[in-house]
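1. when you get a sec, could you give me coordinates for this:
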Amino acid sequence: MVKYVKHNAILLVVISSSALIGCSQDVSDLYTYIEQQKAAHVGSVKPIPQFKPYESFTYSAYDLRDPFEASIDLEEEENKEDLLSPDRSRPRQPLEAFPLDTLRMVGVLEQGENLWGLIEDPKKVVHRIQVGNYMGQNEGAITGISEGEIFLVEVISDGVGGYIERNASIAIGRE
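-> Predicted coordinates:
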């Protein structure tokens, strides 16, 4: 049995040494590849951007009107409001229920000295009007009637609590 163990031990030494000899290959090609990769990969960093130097700005409109202040004298407007405002106590007339742009002049009617305008509302009802009547939703007082046009003056808000007058007209509509 001693012979058997000796042979096994010798066999084990021979196999181990041959395995170790196989592991000792030449790795110079690996080192060459690593060096090539290091040389090929050159990192690139973008250069720092160049900024324009700050240029100061001189504000030259200091003597102009401040856009955040009212362009009109509010005290003057308050006094104006007493002079011009819609008459809230006046009874409303039928054509004041409609916006002015929905009304259409369809003709005129002359009776003796009187000239009447004929206005059609959006419901296709024709109304007879004369100077002094009102129509439209902005207190539109009729100031004149001709054969082709009706003239009126509206009282509208000026946007800062007062009222202004605006001229308007309705021309005879053709279809």
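2. only C-alpha atoms for contact and neighbour calcs from this point on.
-> Noted.
3. with adjacent residues omitted, what lies nearest to G144?
-> With CA to CA, 6 or more residues apart in numbering as the criterion, G144 has its nearest non-adjacent residue at 5.0 Å, and that residue is F151.
4. give the contact list for that neighbour.
-> Residues in contact with F151, defined by CA atoms under 8 Å, 6 or more residues apart in numbering, are 142-145, 167-170.
5. what's the average pLDDT for the helix or strand where it lies?
-> In the assignment (DSSP states H and E), F151 maps to strand 149-157. Averaged across strand 149-157, the pLDDT comes to 91.
6. three-state assignment of K38?
-> Following DSSP: H, G, I helix; E, B strand; the rest coil, K38 is assigned to helix.
7. look at it and report its pLDDT.
-> Per-residue pLDDT puts K38 at 80.
8. after the helix or strand bottoming out on mean pLDDT in the chain comes which helix or strand?
-> Across the helices and strands of the chain, mean confidence by mean pLDDT, DSSP states H and E is lowest for helix 74-83: a mean of 54. Sequence order places strand 104-111 as the next helix or strand after helix 74-83, per DSSP H and E.
9. so which bits of the helix or strand following that next one are buried?
-> Tracing the chain C-terminally past strand 104-111 and defining elements by DSSP H and E, one meets strand 114-120 next. By neighbour count with 16 or more other CA atoms under 10 Å, strand 114-120 contains the buried residues 115-120.
10. which pair in those residues spans the largest distance?
-> Maximum pairwise distance in those, criterion CA to CA, is 16.6 Å, between L115 and E120.
11. list the residues that contact the closest residue to G140 other than its chain neighbours.
-> Once flanking residues are discounted, G140 sits nearest to E154: 4.1 Å by CA to CA, 6+ apart. Contacts for E154 were tallied using CA under 8 Å, 6+ apart; they are 138-141, 165-168.
12. now do 7 Å
-> Shown in contact with E154 (CA atoms under 7 Å, 6 or more residues apart in numbering): 138-141, 165-167.
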